[in-house]
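[1] Sequence unavailable; structure follows:
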């Protein structure tokens, strides 16, 4: 298993893929019916537990002492080489995780992110203009959901304008499931090559983006490989997840006229939070491995056992339906604990800018195909729709 949004169908038996299956926007009924903690049927030498209960998920994700996310556990379990470690925050434990997160955190404060607001609005407007000029149906994934987070991350990292087309190509290819898992892994390697080159260039000529700021503030205390891994983590966590949210959220809003009205005419923030909870596009958290015997609910998880938390199941305990009038509360769309997505506020900024602009620019937007003909990803950690053809008038 990996956290890159890859198609896992070729890697795991069908019985183990239930937590990643959906029917349209909804989880399969088996997920809601699952016990709060249950054993997954996997061809491995260790037990792996699926945790779906809201309280149980919180207890696992909150604990630093009882579980490890270190990549080496995953490598040993799946027979992967340690050199396949993508780096970044997701597959590391304290103190490495603490040191790297401390490097990134200042760049993801609201004060620091505020500088991106005008550019986010410009990017959204540019996408809408492109859609406006198109004849016939428009693919909302290609022309709206993908370019917005891709270009925002370029802005965040400080990728030069001349390189942004190449960046979009490697960023998009890594999440293209049509070539299967091996092709996607190759694309991940390509993106890391691209990012390593960006790091090397910015060592000599740092920009005002995240890479340049880290180089100026930390120098050689963060080496090139670590910095490329951090940049890759930003790409992984901030590109496909936000793109999936933009597309799936648009479907939910087209299906709910009252929600669309609120987004057009009122504060979109509460509806965005409800969409994040309801859709929970990152379906499961990074895998954990128990470092000691630990009780989770009524189940004893033994030292060395693997634990997979279903963020979607935990969030759907807060309500099975999408309700634009629901009072926002805590949710797990960005995870929880030390591995909570560091870019959560940036994602919110993009969603709060994009949805109202889209619905105000195209108030009559509607699907160009029957809803049951939409092609969703099958068994992907990051859930999404492949294409989203719409009529904008």
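    Right, received. Where do you want to start? Just so we're clear, the structure is a prediction, and the values are computed from it rather than from any experiment.
[2] And the strands in the stretch 101-250 of the chain?
    Secondary structure of the stretch 101-250 of the chain (DSSP state E, counting those that start in this stretch): strands located at 138-139.
[3] which stretches of it aren't confidently modelled?
    The model of the stretch 101-250 of the chain has pLDDT under 70 over residues 170-189.
[4] Same check on the stretch 251-393 of the chain?
    Using pLDDT under 70, the stretch 251-393 of the chain has no residue that qualifies.
[5] And the strands in it, which stretches?
    Going by DSSP E, counting those that start in this stretch, the stretch 251-393 of the chain shows strands at 288-290, 294-296, 299-301, 306-309, 366-367, 389-391.
[6] and residue 347, which of these is closest to it?
    strand 306-309 (19.6 Å; Cβ to Cβ). Where you see a C-beta, it was placed from the backbone N, CA and C, and this is true even at glycine.
[7] May I see the buried residues of that closest one?
    306, 307, 308, 309 (16 or more other Cβ atoms under 10 Å).
[8] same deal with stretch 37-49?
    Under 16+ other Cβ under 10 Å, the buried positions of stretch 37-49 are 37, 40, 42, 48, 49.
[9] picking that back up, what's the farthest-apart pair in the buried residues of strand 306-309?
    Taking Cβ to Cβ, no two of the buried residues of strand 306-309 sit farther apart than 306 and 309, at 11.0 Å.
[10] Mutual contacts of the two, please.
    residue 288 (Cβ atoms under 8 Å, 6 or more residues apart in numbering).
[11] burial of residue 218, as a residue count?
    Residues within reach of residue 218, counting by other Cβ atoms under 10 Å, total 14.
[12] For it, which non-adjacent residue is closest in space?
    residue 103 (6.0 Å; Cβ to Cβ, 6 or more residues apart in numbering).
[13] And the one you found, how close does it get to residue 342?
    10 Å (Cβ to Cβ, to the nearest Å).
[14] can you list residues touching both of these two?
    Counting by Cβ under 8 Å, 6+ apart, nothing touches both residue 103 and residue 342.
[15] on that earlier part again, residues in contact with the residue nearest to residue 218?
    Taking Cβ under 8 Å, 6+ apart as the contact definition, residue 103 lies against 214, 217, 218, 222, 230.
[16] Most neighbours among these, which one?
    Neighbour max across the contacts of residue 103 (other Cβ under 10 Å) = residue 230, 26 neighbours.
[17] My read is that it contacts residue 101, right?
    No: in this structure, residue 230 is not within contact of residue 101 by Cβ atoms under 8 Å, at 9.5 Å.
[18] can you redo the contacts of residue 103 as a markdown table with distance to residue 62?
    As requested, the contacts of residue 103 are arranged in a markdown table below (distance: Cβ to Cβ, whole Å):
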| residue | distance to residue 62 |
| --- | --- |
| 214 | 28 |
| 217 | 30 |
| 218 | 29 |
| 222 | 28 |
| 230 | 24 |
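[19] Closest one to residue 32 out of those residues, please.
    residue 230 (36.4 Å).
[20] Could you check how many residues crowd around residue 215?
    Residues near residue 215, counting by other Cβ under 10 Å: 21.
[21] In this structure it contacts residue 206, no?
    Yes: contact criterion Cβ under 8 Å: residue 215 and residue 206 qualify, at 4.7 Å.
[22] wait, what's in contact with residue 277?
    Residue 277 neighbours (Cβ under 8 Å, 6+ apart): 315, 318, 319, 328, 329, 331, 333.
[23] For the residue lying closest to the last one once chain neighbours are set aside, give its distance to residue 305.
    When you say that, I think you mean residue 333. Of all residues not flanking residue 333 in the chain, residue 276 sits nearest, at 3.9 Å (Cβ to Cβ, 6+ apart). For residue 276, the distance to residue 305 equals 30 Å [Cβ to Cβ].
[24] what do you get for residue 226?
    Residue 226 is 30 Å from residue 305, by Cβ to Cβ.
[25] same deal with residue 355?
    For residue 355, the distance to residue 305 - Cβ to Cβ - is 41 Å.
[26] Give me the more crowded residue out of those two.
    Per other Cβ under 10 Å, whichever of residue 355 and residue 305 has more neighbours is residue 355, with 24 against 19.
[27] Report the contact partners of that one.
    With Cβ under 8 Å, 6+ apart, residue 355 has these contacts: 246, 249, 250, 253, 263, 268, 271, 272.
[28] Measure how buried residue 136 is and give me the count.
    When neighbours are defined as other Cβ under 10 Å, residue 136 has 8 of them.
[29] same deal with the one 3 residues further on?
    Here the count is done by other Cβ under 10 Å, and residue 139 has 18 residues near it.
[30] How about residue 17?
    Neighbours around residue 17, by other Cβ under 10 Å: 17.
[31] Now for the contacts of residue 277: which two are most distant?
    319 and 333 (13.4 Å).
[32] residues in contact with the closest residue to residue 360 other than its chain neighbours?
    Spatial nearest neighbour of residue 360, chain neighbours left out: residue 264 (5.4 Å); criterion: Cβ to Cβ, 6+ apart. By Cβ under 8 Å, 6+ apart, the residues touching residue 264 are 356, 359, 360, 363.
[33] Between the contacts of residue 355, which sits nearest residue 108?
    residue 272 (17.9 Å).
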